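Colleague: Pasting a predicted model and its sequence here:
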Amino acid sequence: MTAIKRQFKFQTSNNVSLDLCYRFPVPFYPDLIQLRLQNDYYRNVEGVKHDIMVMLSNAEDFFRVTKNSKLVRKVERISEWLGRKLEMI
């Protein structure tokens, strides 16, 4: 298993392994977005906003599949709060 696949391997509460590399076309995570910012990957702020919201959407979907309602609610609140903040930029 490659390092990237190991990095995204999650064990759910019902012992079902899910792999974000296969679940989502582009598994965004904070370090990837930070690396892209450091390497001037983004052409504009809208690209950064998009990737952040996709990352949160992926997290929400993942926790819905794993039936972790507590984390779904947390991600929803973070998404709403961060969405409002990003609209101001």
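Modeller: Looks like it arrived, so ask away. It should be emphasised that the depicted structure is a prediction, and the values quoted were computed from it without experimental measurement.
Colleague: Show me the strands in this structure, by range?
Modeller: Ranges of strands within the chain are 9-11, 17-19, based on DSSP state E.
Colleague: For this protein, which residues score under the pLDDT cut-off?
Modeller: 1-22 (pLDDT under 70).
Colleague: Which residue comes closest to the residue nearest to the spatial centre of it once chain neighbours are left out?
Modeller: Nearest to the mean C-alpha position of the chain, by C-alpha atoms, centre = their mean, lies M55 at 2.7 Å. Spatial nearest neighbour of M55, excluding adjacent residues (C-beta to C-beta, 6 or more residues apart in numbering): F28 at 3.6 Å. (C-beta placed from N, C-alpha, C; glycine too.)
Colleague: which phi and psi does the one you found have?
Modeller: phi -70, psi 150 (degrees, to the nearest 10).
Colleague: Could you pull up the residues touching E76?
Modeller: Residues near E76 by C-beta atoms under 8 Å, 6 or more residues apart in numbering: E60.
Colleague: distance of Q38 from L32?
Modeller: Distance, Q38 to L32, by C-beta to C-beta, to the nearest Å: 11 Å.
Colleague: Using PDB, write out every CA atom in the longest helix anywhere in the chain.
Modeller: Looking across the chain with DSSP state H, the single longest helix is helix 45-65. The C-alpha trace of helix 45-65 is given here as PDB (Å, rounded to 0.1, in the frame of the first residue of the first chain):
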ATOM      1  CA  VAL A  45      -9.000  33.100  -4.200                       C
ATOM      2  CA  GLU A  46     -12.000  31.300  -5.700                       C
ATOM      3  CA  GLY A  47     -10.000  28.200  -6.300                       C
ATOM      4  CA  VAL A  48      -8.900  28.100  -2.700                       C
ATOM      5  CA  LYS A  49     -12.500  28.600  -1.500                       C
ATOM      6  CA  HIS A  50     -13.700  25.800  -3.800                       C
ATOM      7  CA  ASP A  51     -11.100  23.300  -2.600                       C
ATOM      8  CA  ILE A  52     -11.900  24.100   1.100                       C
ATOM      9  CA  MET A  53     -15.600  23.600   0.500                       C
ATOM     10  CA  VAL A  54     -15.000  20.400  -1.500                       C
ATOM     11  CA  MET A  55     -12.900  19.100   1.400                       C
ATOM     12  CA  LEU A  56     -15.600  19.800   3.900                       C
ATOM     13  CA  SER A  57     -18.200  18.300   1.600                       C
ATOM     14  CA  ASN A  58     -16.100  15.100   1.200                       C
ATOM     15  CA  ALA A  59     -15.800  14.900   5.000                       C
ATOM     16  CA  GLU A  60     -19.500  15.300   5.500                       C
ATOM     17  CA  ASP A  61     -20.200  12.600   2.900                       C
ATOM     18  CA  PHE A  62     -17.600  10.300   4.500                       C
ATOM     19  CA  PHE A  63     -19.100  10.600   7.900                       C
ATOM     20  CA  ARG A  64     -22.600  10.000   6.600                       C
ATOM     21  CA  VAL A  65     -21.500   6.800   5.000                       C
END
